[in-house]
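1. what follows is a predicted structure for the sequence shown.
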Amino acid sequence: MNILVSACVIGQNCKYNGGNNLNRSVVEFIQRHNVIEICPELLTGMKCPRACVEIVNGIVMSENGENVDAEYRKGVELAMEKIKGQKIDLAILQSRSPTCGVNTIYDGSFNGTLIEGHGLFTEAIIEKGIRVLDSENF
């Protein structure tokens with residue numbers, strides 16, 4: 001099986017704060033499969049660490065009020081180009097992220113409140129018919 005996985009979930013330090021979301025259950029699960037590691041933010045050349053961002057009224061904004069929507073949408077575009085033509089059976093992504101959020105994302109208030117929703121990349125791959133699982137469900 002070909003599995004697309006958020007790079008942070010398998011231990012790459014690519015989160016906005018310089019850390020990762022290592023999930024040992026996911027790492028164990030994917031060992032038996034072909035893995036395609038992805039981080040849309042890093043594909044654009046964004047640095048790590050970087051400012052915290054959330055989706056505010058449909059626009060990706062940094063915690064200091066900077067509109068970074070174009071950069072994040074470019075990351076999704078580059079990620080979709082990277083996986084173009086590949087048969088992907090499953091994606092395992094990290095919830096809460098404005099890019100890879102599966103079941104929940106932050107509400108745009110920068111106060112830690114979660115709402116149901118998808119990140120930009122998750123929406124794009126769901127539109128392509130790729131099955132998506134939340135890494136936190138492992």
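-> Right, received. Where do you want to start?

2. now do the strands in this structure.
-> Secondary structure of the chain, counting by DSSP state E: strands at 2-6, 34-38, 53-56, 59-62, 90-93, 104-106, 114-116, 132-134.

3. can you lay out those strands as TSV showing mean pLDDT and distance to Thr122?
-> C-beta here means a position set from N, CA and C on the backbone, and glycine is covered the same way. Listed next are those as TSV, based on pLDDT from 0 to 100; distance: least, CB to CB, whole Å:
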stretch	mean pLDDT	distance to Thr122
strand 2-6	98	10
strand 34-38	97	11
strand 53-56	97	12
strand 59-62	98	13
strand 90-93	98	6
strand 104-106	97	9
strand 114-116	97	12
strand 132-134	98	6
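
4. can you tell me the centre-most residue of the protein?
-> Cys100 (2.3 Å; CA atoms, centre = their mean).

5. nearest residue to it other than its sequence neighbours?
-> Leu93 (4.0 Å; CB to CB, 6 or more residues apart in numbering).

6. beta partners of the one you found?
-> Here Leu93 shows beta-bridge partners Asp134, assigned using DSSP bridges.

7. pretty sure it is touching Leu120, no?
-> No. With contact defined as CB atoms under 8 Å, Leu93 does not reach Leu120; the gap is 11.3 Å.

8. look at these two and report which has more neighbours.
-> Comparing Leu93 with Leu120 by other CB atoms under 10 Å, the one with more neighbours is Leu93, at 26 against 22.

9. show me what contacts the more buried one?
-> 4-6, 9, 100-102, 119, 121-122, 132-135 (CB atoms under 8 Å, 6 or more residues apart in numbering).

10. same deal with Gln94?
-> Ser6, Cys8, Val9, Asn21, Cys100, Gly101, Val102, Asp134, Ser135, Glu136 are the contacts of Gln94 under CB under 8 Å, 6+ apart.

11. and with 6 Å instead?
-> Contacts of Gln94 were listed using CB atoms under 6 Å, 6 or more residues apart in numbering, and they are Ser6, Cys8, Val9, Asn21, Cys100, Ser135.

12. for Gly58, state which of those residues is nearest.
-> Cys100 (17.2 Å; CB to CB).

13. how close does the residue lying farthest from the centre of the chain get to Gly11?
-> What lies farthest from the middle of the chain is Arg32; by CA atoms, centre = their mean that is 22.2 Å. Per CB to CB, to the nearest Å, Arg32 is found 18 Å from Gly11.
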